[in-house]
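> what's the 3D shape of this:
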Amino acid sequence: MSTLDLFGEMPGHPEQQGTTPPVQSEREQIEQLRAQLHHHAHLYYTLDAPEVPDAEYDRLFKRLQALEAAHPELASTDSPTQRVGAAVMDAFASVRHRVPMLSIRTETDTESSGAQAFDARVRRELGQDDTAPAIEYVAELKFDGLAMSLRYENGVLVQGATRGDGENGEDVTANVRTIGQIPLRLQSVAHRPIPPVLEVRGEVYMRRDDFETLNERQRAKIAAGVKGEKTFVNPRNAAAGAVRQLDSGIAAERPLSFFAYGLGDVTPVSEGGPQFKTHFEMLQAFKAWGFPVADEIQSVQGAAGLVAFHQHIAQTRDRLPFDIDGVVYKVNDLALQAQLGFVTREPRWAVAHKFPAQEELTTVVAIDVQVGRTGKLTPVAKLTPVFVGGVTVTNATLHNEDEARRKDVRVGDTVIVRRAGDVIPEVVSVLLDKRVDYAPVFTMPSHCPVCGSDAVREEGEADHRCSGGLFCSAQRKQAILHFAQRRAVEVEGLGEKLVDQMVDSGVVKTLPDVYRLGFVGLAQLDRMADKSAQNIVAALEASKSTTLPRFVFGLGIRHVGEATAKELARHFGSLDRIMDAQEQDLLQVSDVGPVVARSLRTFFDQPHNREVVAQLRACGVHWPEGEPAAQAVQPLAGQTFVLTGTLPTLSRDQAKALLEAQGAKVAGSVSKKTSYVVAGAEAGSKLDKALELGVPVLDEDGLQQLLTTVSDSAQGDTESSR
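Numbers count the residues shown, from 1 in each chain. Predicted coordinates for the structure are as follows:
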């Protein structure tokens, strides 16, 4: 039986539903919970490969705590509730912490009551009533990384150790030395003498941007066929995995960071050690010695100050460059900390106040494909409702087909879903051990699920798009707004709010319907006065007289901007010639390359789009047309050149202009399709690639000779045709 099945947190697999689990005794429940928590702790702390989110582990832990509290006769020294972390890995030497690295109590309520309860508890322990002055606290961030103890002797880093089980950790000194933010030698400050022995506790973590860069690098290795490589689920696991690398060279390649927040072993004051009165003063000393300390840390007064800090960080959490999962409150006065002391290996003077979990478990009940305003097709996982990130989530984006395949998300899967702030919920990973045997692999549909037009994916792009831009109802508003904008046919007064009304009311279903509305149809819309309706009718009538470039641009064809529309109109002279032109004909247009040519052909190959164009013409939209422009002979048309290095007399722009004037395309990279590589001084990898592929290589003299030859040939062809 799975963890989730045991407590009814989640629905089971189809084959499990409808069955009633056997009733278990309290002893059996406790033993099973301990086994599960040991299993998950091993995966999380030792292998850095968790299979459930933190919130699920916390629920199991609290359940075990409650059962053990209700049945003290079943207490055991090997229970997870009696431990801080995990066992030491055999691969690292063991380090015994002279001052144990203890955990602190955690409050999990989502409101401010956790802060108020902590303040009340501290005041009660100190024997203070409501008339006593407010207690001063230090409010910190609860980082989502790996706890670390750094030992310095005479100001020099001699050891880095993980928390381990709180009493014994792992010696990861070689890896810690690779972290740039950790000082190898402390800075000497006149008013802050460095103690002979100093252990600073803090958190090794990975910034979100560094995490994304790392995963991009990992994906590139996987694509290149490098064995044993993988992407990381989240920054915390990436950081923990880097710290535990047996090869410190690998650890050095991982972008790790560090924040200091606590003190371990230190030379006593009587022997020349530091004398701090407050926790905040200690943090300032850390900064003076060269340790990074989070800027967000504040000294606050009483429960009100803690509540304000909690609310502020909750609002700004997602703008931080690193992950946190809560805040930490500590009594600032170190004498009061000593007076409060500890209970069951937890300090009475500190508490962690967690935010709502940003990751939760749920199941995928379906995978739908949504069509965006611009035609982008996005696979979306439909989920069993789950409360995560402060809201109930029922959908999570899978981004695109490649991402859905990479994560291998299938209907029926149990998944970890993440929601951070206003970010769209996404599926983080799949629990493969819970997959049902018959789960089908997701495949993007070949046709738009809304209008039935071809769904196309251009070379080099990750997204599929609907090709029925003028017809697809999902793109209706965007198509109308683009067509009516000032740089296209320009319908003055036809803005977003009015288009929303037209489409949402159902009176406009396709672009030509806008011209068919008339005064009566417009006047029936909400908040549309007669004068406003008359102005829109007049603007629509005026827009019917346009130009071919404006009309072509207004169609919203992907990759066709204003400049390309002008070149198409100049080259072909009429819309029918543009619509009927084949790719090879389109490639003769100076501003059209293979991607644009395919996009044009795809657009006009859709009968829906041609029908909308015909209806716009029937509504009276017109423009002057003419004969195709006389085409100059371009002897290098269809050939691709790559420039590399420094030429003796020509700049790269000059060489490019000379080639393009003869119809050549100048590309930035070498491939088998490259016609020539023009190489100058200090040519680099492009020249090597050309030699490897057998692509002809020219110097500047060879280029000039080629240009002269083709120019003379073109001139001869022109004269012979007169």
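
> which parts of the stretch 251-400 of the chain are strands?
Secondary structure of the stretch 251-400 of the chain (DSSP state E, counting those that start in this stretch): strands at 257-266, 298-301, 324-331, 342-343, 346-347, 350-354, 359-371, 376-388, 391-397.

> strands paired with the fifth one, and their directions?
This points to strand 346-347. strand 342-343 (antiparallel) (DSSP bridges).

> what mean pLDDT does the partner strand have?
Strand 342-343 shows a mean pLDDT of 86.

> swap in stretch 471-483?
On average, the pLDDT along stretch 471-483 is 91.

> and the contacts of that stretch?
370-375, 448, 450-451, 453, 466, 468-470, 488-489, 491, 494-496, 499-500, 502-503, 508-511, 514, 554-556, 606, 608-609, 611-612 (C-beta atoms under 8 Å, 6 or more residues apart in numbering). Backbone N, C-alpha and C define where each C-beta goes, glycine included.

> just the buried ones from those residues, in PyMOL syntax?
A single PyMOL command selects the buried members of those (16 or more other C-beta atoms under 10 Å):
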select buried, resi 371+374+375+448+450+451+453+466+468+469+470+488+489+491+494+499+502+503+508+510+511+514+554+555+556+606+608+609+612
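
> give me the subset of the contacts of stretch 471-483 lying in strands.
370-371, 466 (DSSP state E).

> dump these to TSV, plus distance to residue 61 and pLDDT.
TSV is the format used below for the ones in strands among the contacts of stretch 471-483 (distance: C-beta to C-beta, whole Å; pLDDT from 0 to 100):
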residue	distance to residue 61	pLDDT
370	38	92
371	43	91
466	48	92
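
> quick one: those as TSV, columns for distance to residue 349 too.
Output for the ones in strands among the contacts of stretch 471-483, formatted as TSV (distance: C-beta to C-beta, whole Å):
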residue	distance to residue 349
370	51
371	56
466	60
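
> now the residue nearest to the spatial centre of the chain: how far from residue 255?
For the chain, the residue lying nearest the average C-alpha position, counting by C-alpha atoms, centre = their mean, turns out to be residue 212 (7.2 Å). For residue 212, the distance to residue 255 (C-beta to C-beta, to the nearest Å) stands at 10 Å.

> what does residue 349 give?
34 Å.

> ok and the helix or strand harbouring residue 204 relative to strand 324-331, angle-wise?
Using DSSP states H and E, residue 204 sits within strand 197-205. Relative orientation of strand 197-205 versus strand 324-331 (axes from the mean of the first three to the mean of the last three C-alpha atoms, to 10 degrees): 150 degrees.

> need the residues that contact strand 197-205.
98-99, 101, 143-153, 176, 179, 186, 235-236, 239-240, 243, 256-267, 273, 286, 291, 322-323.

> what sits against residue 454?
446-448, 466-468, 602, 605-606.

> residues touching residue 546, list them.
By C-beta under 8 Å, 6+ apart, the contact list for residue 546 reads 489-490, 554, 621-623.

> now with 6 Å, please.
Applying C-beta atoms under 6 Å, 6 or more residues apart in numbering to residue 546 gives the contacts 489, 623.

> read off the pLDDT value for it.
Value for residue 546, per-residue pLDDT: 96.

> tell me how far it lies from residue 704.
Counting by C-beta to C-beta, the gap from residue 546 to residue 704 is 45 Å.

> now residue 481
The gap separating residue 481 from residue 704 is 50 Å, by C-beta to C-beta.

> for residue 521, same thing?
Plainly put, residue 521 is 65 Å away from residue 704 if you go by C-beta to C-beta.

> go on, residue 49?
Residue 49 sits 61 Å away from residue 704, going by C-beta to C-beta.

> looking at those two, which is more packed in?
Remark: of residue 49 and residue 704, residue 704 carries more neighbours, 16 against 13, as counted by other C-beta atoms under 10 Å.

> wasn't that one part of a strand?
No - according to DSSP: H, G, I helix; E, B strand; the rest coil, residue 704 belongs to no strand; its state is helix.

> what's around residue 168, how many residues?
Count around residue 168 with other C-beta under 10 Å applied: 18.

> ugh, wrong one, residue 530
By other C-beta under 10 Å, the residues close to residue 530 number 10.

> just give the closest residue to it, not the sequence neighbours.
residue 523 (6.1 Å; C-beta to C-beta, 6 or more residues apart in numbering).

> that neighbour against residue 534, yeah?
No - Residue 523 is not in contact with residue 534 according to C-beta atoms under 6 Å; the separation is 8.9 Å.

> the two: which is more packed in?
Neighbour count, other C-beta under 10 Å: between residue 523 and residue 534, residue 523 has more, with 16 against 13.

> any idea how far that one is from residue 497?
Counting by C-beta to C-beta - residue 523 and residue 497 are separated by 16 Å.

> now residue 116
45 Å.

> so the two - more neighbours on which side?
Using other C-beta under 10 Å as the criterion, residue 116 and residue 497 rank with residue 116 on top: 17 against 8.

> and the angle for the helix or strand hosting that one with strand 324-331?
Taking DSSP H and E as the definition, residue 116 sits inside helix 113-125. Angle between the axes of helix 113-125 and strand 324-331 is 20 degrees (criterion: the same axes, to 10 degrees).

> okay, now the residue nearest to residue 392 when sequence neighbours are not counted: neighbour count?
Leaving aside its sequence neighbours, residue 392 sits nearest to residue 385 (C-beta to C-beta, 6+ apart; 5.3 Å). For residue 385, the neighbour count with other C-beta under 10 Å is 11.

> for this protein, give me the ranges with low pLDDT.
Scanning the chain for pLDDT under 70 picks out 1-22, 42, 45-48, 77, 82-90, 109-112, 421-423, 630-633, 713-722.

> what do you get if the cut-off is 50, keeping everything else the same?
Along the chain, the model assigns pLDDT under 50 to residues 1-18, 718-722.

> now the helices for the stretch 451-600 of the chain?
476-484, 496-504, 511-516, 518-523, 530-543, 548-554, 562-572, 575-580, 583-586, 594-605 (DSSP state H, counting those that start in this stretch).

> tell me which of these lies nearest to residue 616.
helix 511-516 (5.4 Å; C-beta to C-beta).

> now the closest one - C-alpha only, CSV.
The C-alpha coordinates for helix 511-516 follow below in CSV (Å, rounded to 0.1, in the frame of the first residue of the first chain):
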residue,chain,number,x,y,z
LEU,A,511,-13.0,38.9,-39.7
PRO,A,512,-15.4,39.7,-42.6
ASP,A,513,-18.2,39.9,-40.1
VAL,A,514,-16.8,43.1,-38.8
TYR,A,515,-17.6,44.7,-42.2
ARG,A,516,-21.1,43.2,-42.2
